[in-house]
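Engineer: task: produce atomic coordinates for the following.
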Amino acid sequence: EDSLPPPRLDNQATCFAAAEALRRYASSPSLASDTYVSLAVLFDHEEVGSASQCGAGSPIMSEAVKRITASLTGCSAALPALEAEQIALRKSFCLSVDMAHAVHPNYAHKHDKNHAPALNAGVVVKSNANQRYTTNAVTGFLVRELARRAGVPLQEFVVRNDCPCGSTIGPIISGNTGLRVVDLGMPQLSMHSCREMMGSKDVKACVDLFGAFYEGFGDVDAKCVRCT
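Structural biologist: Next up, the predicted model:
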C-alpha cells in the first residue's frame, strides 16, 4: 500500500499529479476570484534533449504566454503587445517537476548524508550551483512557503560535489523565456528501469503541492518584496 512499482513513473507520475491538481482546481470556488492563468504543460522528448517541435526547447511556452496575454489584454497604444507579454512573463512562475533519485539502500554512499531523499517523505526540492537545476533563493523560498501553508512535506537534494548531476527542462525553460522556475520531484528508485518504484504518499504530496501552487501562488508572490 505504501509503494507503486509500475514502469515509466519518470515522468508520468508527475503528469498525473499536475493534471489531477488542475482538474480539482478547475472546480474550486476560489477559481472565480483568481486573476492568474493556471497551466499544466506536459512536454515530450525530455530524455533526449528536448530540442524538438514539441519539446521544452521549442517555442511552445513563450508562444502560449504571448497568445494568452494578447487575448486577455486586447493590447492598445497604451499597452503594446510586447510590453504586455514582458509584464506577464515577469509575473509568471513555473514548477519544473521531474522525478528525483531516492537513496538506494545498496548505494547510500552516492548521496550526501544531509541530502538523501526517502520514499514517502515528501516532494524533493532540487538545487545545483552549476545551474543544472533552476532553484535559487527566490524560487526556492516561494515553493517552500506554499508547501508550509498547505502542510506539504518537502525534502532537500543537492548532488555530491564529486558526482555528476543530471538536469531537467527547468534550465531550458528559464533560459528561453526568462520565467522564474524551481526544480522539484518525487523520489523514486530504479529510475529508467523496466520496473521503477516510488512511495504512494509522495503522489498525494505532489498533487497537494500543485494544488497549493494553483490556488495560493498569487498571494505569496504579492507579499514578497520584489527586486528587479
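Engineer: tell me the buried residues in the lengthiest helix in the chain?
Structural biologist: Identified as the longest helix of the chain according to DSSP state H is helix 200-222. Residues of helix 200-222 classed as buried by neighbour count (16 or more other CB atoms under 10 Å): 201-203, 205-215, 217-218, 220-221. Backbone N, C-alpha and C define where each C-beta goes, glycine included.
Engineer: what of stretch 92-107?
Structural biologist: Quick answer for stretch 92-107 (16+ other CB under 10 Å): 92-103.
Engineer: output that stretch as CSV, nothing but the C-alphas.
Structural biologist: Extracted in CSV, the C-alpha atoms of stretch 92-107 (Å, rounded to 0.1, in the frame of the first residue of the first chain):
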residue,chain,number,x,y,z
SER,A,92,4.7,34.2,-14.0
PHE,A,93,6.2,31.2,-12.2
CYS,A,94,6.9,27.7,-13.3
LEU,A,95,7.2,24.4,-11.3
SER,A,96,9.6,22.2,-13.2
VAL,A,97,8.7,18.8,-11.7
ASP,A,98,10.6,15.7,-12.7
MET,A,99,11.3,12.6,-10.7
ALA,A,100,14.1,12.5,-8.1
HIS,A,101,16.6,9.8,-7.1
ALA,A,102,15.8,8.4,-3.7
VAL,A,103,18.5,6.9,-1.6
HIS,A,104,19.1,3.3,-2.7
PRO,A,105,19.9,1.1,0.3
ASN,A,106,22.7,-0.6,-1.6
TYR,A,107,24.3,2.7,-2.8
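Engineer: chain center to it, what's the gap?
Structural biologist: 10 Å (CA atoms, centre = their mean, to the nearest Å).
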